[in-house]
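A.B. asks: let's see this in three dimensions:
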Amino acid sequence: MNRRLNSYITIFYIIILVLITILGTHASIPINNVPLQNQTGQINQVELILTEDEKQWLKEHPVIKVGSDPNWAPFEYRDENGQYQGIDIQYLKLIEQRLGIKFVMCKEKNWQDIIQKSYSKEIDILTGINQTYERKKHFNFTNIYITHPISIFSYKDITHIRDLDELSGEKVAVVDGYYTNELLKTKYPTLNLILVETPRDALKLLNKKKVVAYVEGMVIANYYINERNYKNIGIVGETPFSYELRLAVRKDWTTLHSILQKALQTISESEKEYIYYNGISARADKKFNFRLFFLIIIPCLLVLLFFIIWNRKLSKEVHRRKQVQEALNNAIKELKDTQTHLVQSEKMSTVGELTAGIAHEIKNPLNFIMMGMDGITNGVDAYEKIITAYEKMHTKLTEQDIIYIQNLKENLDYHYYRYECESLTKSVQEGVENIHEITKSLNTFSYFAGKEMVLSNINDSLKSTLVILRNQYKYNIEIIKDFGDIPDIRCYPGKLNQVFVNIISNAIQAIEDKGTIHIKTYVENNYLKIQIKDSGKGMSKEVLDSIFTPFYTTKEIGKGTGLGLSISKNIIDEHKGNIDVSSEIGEGTEFIINLPIH
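C.D. replies: Numbers count the residues shown, from 1 in each chain. Model (predicted):
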């Protein structure tokens, strides 16, 4: 009993220590004033190697003028003493130490003034800046050193904004000169952008409901929301964009750009994490709240007492919940499997009915056109023979008749239409044959044998699939067909068509410009093999390990269900076969389907 009591007391002291730590973050020393290397225990992990030219350049330029936003906490801002603080400033301090140079901060009123001075080369480098088309005219940019998401903020009675298109025509606050201003002006021209000078100004307008939303980095907006205690403002939506922060160097100082790039590479991951997490938690203007501390201790004591009394009961409850969780996980897995099969069945039924219906609707008028074309072709041939015969006999006509016929030919463009009719009938005939090929492919593609397997030729299935998908690849992808002399196999043709559509469609989407898809069929070791290899962008090992998992997808929301390859694997399993897949980034992907020959 004493041992258990001692354990509880130890737990209590741990809770108190955690509370002190949490509350103590409100009294953190500003990160600028603490030597970073002493806290992390890390020195730069990558050696800084400068060329002789770079060393000489630094000697000739010992002072570099830096522009940082005075109102963009916690990344860069000026404190109440007018000194620059923040995450970006800590990166500068490390670079300053490692290069042995001096950065001088230009203390302009706002970001707009800083940008203008940098364009006129009164400022040498800028911190925490996104690369844009316009800015690339004036600066060289280093690699990204911080990325953080851009979100949509509004008053909390607006529960959710799905995307920026929903704000079309509405007043949206952005800071003048920020990346968000240029981004929204270009990507979403229907937004009514309200330009402000600082993030504080934007939140002030939003708090008074003079704008519907404010688009800003999540960390930045939350910093000023907490500072001003705006309880009615919060995140209501996400955007597909992020701040990708870099250092920008004036265009004519290419040597400095190279030096800064090397210096950034010496900053270790642990140093980066320390700078970031301390930067977003630091509040130099807050003091330790002892009253809050003691107000929390009493409830903690009550919680500890409750824990002692109910410890044994909770242990049993935890065990019971583990059992329930295991059962729930099994149920979820069964539900996913069932859902996958239902989606597969519904897809097959819908696709089969749709393609069969389309083929039927096309076939009837096509028959009329084909019969009509036979008559037109025969008629044109007959007219041609008669006209040729008349032309041979024109010497027996009077001179006046000959002149009349020649004038008539010229007025009616006889020679043009005589040869044009022959060309047009050939073109129409080719078009009719193409439509006939498509309807034949639709019928082949839609064939579904129900519960019974039937004999079918896989080459015919692949040909019909390629006809169905032709519009997706005809402009930029070469299809290399290497169909072998293979036997018919017993299978569900409609289901296999669905497999081919899924794999070939993915191959088409993986080719971003021009490329090839090689489809080969052959027999090996009593297995019919279908090899589909593309020259696309390929997949990483992590993606490759998950592609057959139900609902897993790397596509954007709304562009893929993550069921295509999972369903394909189930179909091949149903045929007692298997799918092998291999892929490398930049080298493409290869699927090999193995079907037993019965």
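A.B. asks: do you know the pLDDT at the spatially closest residue to Ser151 that is not a sequence neighbour?
C.D. replies: Nearest non-adjacent residue to Ser151, counting by C-beta to C-beta, 6 or more residues apart in numbering: Met218, 4.4 Å away. For the C-beta atoms, the positions are set from N, CA and C on the backbone; glycine is no exception. pLDDT, Met218: 92.
A.B. asks: verify the contact between Met218 and Tyr224 for me.
C.D. replies: No: look at Met218 against Tyr224 with C-beta atoms under 8 Å: they stay out of range, at 11.8 Å.
A.B. asks: looking at those two, which has the bigger crowd around it?
C.D. replies: Tyr224 (23 against 18; other C-beta atoms under 10 Å).
A.B. asks: what are the phi and psi values for the residue nearest to Ser151?
C.D. replies: Dihedral angles of Met218 (phi, psi; degrees, to the nearest 10) stand at phi -60, psi -50.
A.B. asks: wait, what's in contact with it?
C.D. replies: Applying C-beta atoms under 8 Å, 6 or more residues apart in numbering, we find Met218 in contact with His148, Pro149, Ile150, Ser151, Ile235.
A.B. asks: which of the helices or strands spans the third one?
C.D. replies: Assigning secondary structure by DSSP states H and E places Ile150 in strand 146-155.
A.B. asks: list the helices and strands the top strand by length along the chain packs on?
C.D. replies: Longest strand in the chain by number of residues (criterion: DSSP state E): strand 233-250. Under the contact criterion of 3 or more C-beta pairs under 8 Å, 6 or more residues apart in numbering; DSSP states H and E, strand 233-250 touches strand 125-129, strand 139-141, strand 146-155, helix 199-207, strand 213-217, helix 218-228, helix 254-265.
A.B. asks: at 6 Å what do you get?
C.D. replies: Secondary-structure packing of strand 233-250 (3 or more C-beta pairs under 6 Å, 6 or more residues apart in numbering; DSSP states H and E): strand 125-129, strand 139-141, strand 146-155, helix 254-265.
A.B. asks: can you give me the buried ones in it?
C.D. replies: In terms of neighbour count (16 or more other C-beta atoms under 10 Å), strand 233-250 has its buried residues at 233, 235-239, 241-250.
A.B. asks: for the residues you listed, work out which two are farthest apart.
C.D. replies: Maximum pairwise distance in the buried residues of strand 233-250, criterion C-beta to C-beta, is 39.0 Å, between Val236 and Arg250.
A.B. asks: quick one, helices of the stretch 51-200 of the chain?
C.D. replies: 52-60, 87-99, 111-119, 179-187, 199-207 (DSSP state H, counting those that start in this stretch).
A.B. asks: who wins for proximity to Gly484 among those helices?
C.D. replies: Checking the helices of the stretch 51-200 of the chain against Gly484 by C-beta to C-beta gives helix 179-187 as the closest, at 49.7 Å.
A.B. asks: which residues touch the closest one?
C.D. replies: With C-beta atoms under 6 Å, 6 or more residues apart in numbering as the test, helix 179-187 has contacts from Asn130, Thr132, Val174, Leu191, Val215.
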